[in-house]
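Asker: no sequence on hand, only this structure:
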Ligand SMILES: Cc1cc2nc3c(=O)[nH]c(=O)nc-3n(C[C@H](O)[C@H](O)[C@H](O)COP(=O)(O)OP(=O)(O)OC[C@H]3O[C@@H](n4cnc5c(N)ncnc54)[C@H](O)[C@@H]3O)c2cc1C
């Protein structure tokens, strides 16, 4: 196992770090206070700069105009970009588009690639992924009410989804729907491409999440599919293989998220250390950093971030070299370890800032609000713990 960073990657990471510091962090206050849709023109300019620097789409294959990095390399980039909530969007590797690009690249037909993948990879359009349902447990997605019934050459889709992140302004959704109700449970659902201007695709609302409904990319939609008719040629891969395709997307997506969270940890840790050394708490000028409890938070955070980071890079290396299946346990473990590490580190950083931490004058309150979801999406902590332990314990069963 070799996590040595090549000279080329070191240069790339340095360029990205500088870009995040110079071009993104200074506009974050606008991202927090304004509607995302109002920032789109400015972010388009930033994306253009990224393209000119040839840093667009670190995870996107070279033939689609991206950098085609390995998972370990993309993980390192994701860490740098994660320091700002704008990083992934501006570099063209934001969820859920990143996952949808992967699915379309691996399973799309020539026509689907031309129509959907090319403009998506170029950043000309956005997309969303519509699986979770209002009335069904997302933790057990085989329990699905949404159906896609064949009628002539079409599928007719009916169902109610929510948390279709970034649906607002997306050109198409990849929808999971039951196409084969009589098949075994894991072979009942398929992925179908639904252009969002199809009659019957209804964005009911952007769900208020932690007090903010958001707009455009920064939103989570509730979607009502009402007799929504699309041609059968919009099926992705084979019928009934929706969950198999979803599994394919799991490994890289997990590394992407976990390293982004490490980036959030790094930024929060940096803010915590700065504040601790600057904030004077006694008349003779002693700072917070002189207090043992703060020192303890600094040490614990440093150790926890390093452990979570190495665990994630290890998982990325195993996926790169041994494949997703062999890395299944690593992929489950990093999900809850890194999400909880991030939550603790952000919380400590916020606490060190006192009242300032609760304001939007630093990025910490934003991280605190929006990254709580990390323990829920992409599989809740409990589900990953339970599935890992079940697999692991079979080794001991006689
Ligand atoms: C910010 C955000 C963005 C999202 N983006 C998308 C998206 O783009 N597309 C999409 O399709 N979905 C998305 N989701 C949905 C997400 O995948 C689901 O919320 C998640 O899978 C959990 O499903 P649920 O909300 O139905 O919770 P439930 O399945 O009802 O579970 C509720 C809680 O019960 C516990 N629990 C569940 N099962 C078990 C178990 N077996 N053992 C022990 N405890 C258990 C867990 O604590 C869990 O948090 C997003 C969610 C959030 C919060």
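Answerer: Here it is on my side, so go on. Values in this document were obtained by computation on a predicted structure and should not be read as measured data.
Asker: what's the end-to-end length of stretch 15-23?
Answerer: With Cα to Cα, to the nearest Å as the measure, stretch 15-23 spans 11 Å from end to end.
Asker: same question but for stretch 22-40, I mixed them up
Answerer: 18 Å.
Asker: list the buried ones in it?
Answerer: Across stretch 22-40, burial judged by 16 or more other Cβ atoms under 10 Å covers 23-25, 27-28, 31-32, 36, 39. Backbone N, C-alpha and C define where each C-beta goes, glycine included.
Asker: out of those residues, the closest to the ligand would be?
Answerer: Using Cβ to the nearest ligand atom, residue 36 comes nearest to the ligand of the buried residues of stretch 22-40, at 14.5 Å.
Asker: contact partners for the residue nearest to that closest one when sequence neighbours are not counted?
Answerer: With Cβ to Cβ, 6 or more residues apart in numbering as the criterion, residue 36 has its nearest non-adjacent residue at 3.8 Å, and that residue is residue 218. Contacts for residue 218 (Cβ atoms under 8 Å, 6 or more residues apart in numbering) come out as 31, 36, 166.
Asker: could you do residue 258 as well?
Answerer: 75, 308, 312, 315, 334-335, 338-339.
Asker: ok, and which of those residues reach the ligand?
Answerer: Among those, proximity to the ligand is found for none (Cβ under 6 Å from any ligand atom).
Asker: okay, those in TSV with secondary structure, pLDDT and neighbour count next?
Answerer: Below are those laid out as TSV (DSSP: H, G, I helix; E, B strand; the rest coil; pLDDT from 0 to 100; neighbours: other Cβ atoms under 10 Å):
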residue	secondary structure	pLDDT	neighbour count
75	helix	95	28
308	helix	98	23
312	helix	97	28
315	helix	95	27
334	helix	97	28
335	helix	96	27
338	helix	98	28
339	helix	98	24
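Asker: can you tell me the closest non-neighbouring residue to the residue in the chain that the ligand sits nearest to?
Answerer: The chain approaches the ligand most closely through residue 138 (2.3 Å), counting by Cβ to the nearest ligand atom. Using Cβ to Cβ, 6+ apart and skipping residues adjacent in sequence, the residue nearest residue 138 is residue 132, 4.1 Å away.
Asker: wait, that neighbour sits on residue 139?
Answerer: No - using Cβ atoms under 8 Å, residue 132 makes no contact with residue 139, being 9.6 Å away.
Asker: neighbour count winner among the two?
Answerer: Neighbour count, other Cβ atoms under 10 Å: between residue 132 and residue 139, residue 132 has more, with 19 against 13.
Asker: backbone phi and psi for that one, please?
Answerer: phi -70, psi 140 (degrees, to the nearest 10).
Asker: and what of residue 286?
Answerer: Torsion angles, degrees, to the nearest 10, at residue 286: phi -70, psi 140.
Asker: list the residues that contact it.
Answerer: residue 280.
Asker: what's the answer for residue 260, then?
Answerer: Residue 260 neighbours (Cβ under 8 Å, 6+ apart): 78-79, 81-82, 87-88.
Asker: can you do 6 Å?
Answerer: By Cβ atoms under 6 Å, 6 or more residues apart in numbering, residue 260 lies in contact with 78, 82.
Asker: surely it is in a helix?
Answerer: Yes - assignment of residue 260 by DSSP: H, G, I helix; E, B strand; the rest coil places it within a helix.
Asker: just the helices in the stretch 201-350 of the chain please.
Answerer: Secondary structure of the stretch 201-350 of the chain (DSSP state H, counting those that start in this stretch): helices located at 242-248, 250-278, 292-322, 328-352.
Asker: and stretch 364-383, what's its mean pLDDT?
Answerer: Mean pLDDT, computed over stretch 364-383, is 96.
Asker: first-to-last residue distance for it?
Answerer: Terminal-residue distance, stretch 364-383 (Cα to Cα): 28 Å.
Asker: any residue of that stretch up close to the ligand?
Answerer: Yes - part of stretch 364-383 sits near the ligand under the criterion Cβ under 6 Å from any ligand atom, namely 373, 376-377, 380, 382-383.
Asker: confirm for me that residue 87 is in contact with residue 81.
Answerer: Yes - counting by Cβ atoms under 6 Å, residue 81 is a contact partner of residue 87 at 3.0 Å.
Asker: look at these two and report which has more neighbours.
Answerer: residue 81 (29 against 23).
Asker: before we move on, which element is that one in?
Answerer: helix 71-82 (DSSP states H and E).
Asker: same thing with residue 193?
Answerer: Residue 193 belongs to strand 189-195, assigned by DSSP H and E.
Asker: packing partners for the helix holding residue 81?
Answerer: helix 7-19, helix 250-278, helix 292-322 (3 or more Cβ pairs under 6 Å, 6 or more residues apart in numbering; DSSP states H and E).
Asker: which other helices and strands does the last one contact?
Answerer: The helices and strands touching helix 292-322, judged by 3+ Cβ pairs under 6 Å, 6+ apart, are helix 71-82, helix 250-278, helix 328-352.
Asker: ok now it, how far from the chain's centre?
Answerer: 19 Å (Cα atoms, centre = their mean, to the nearest Å).
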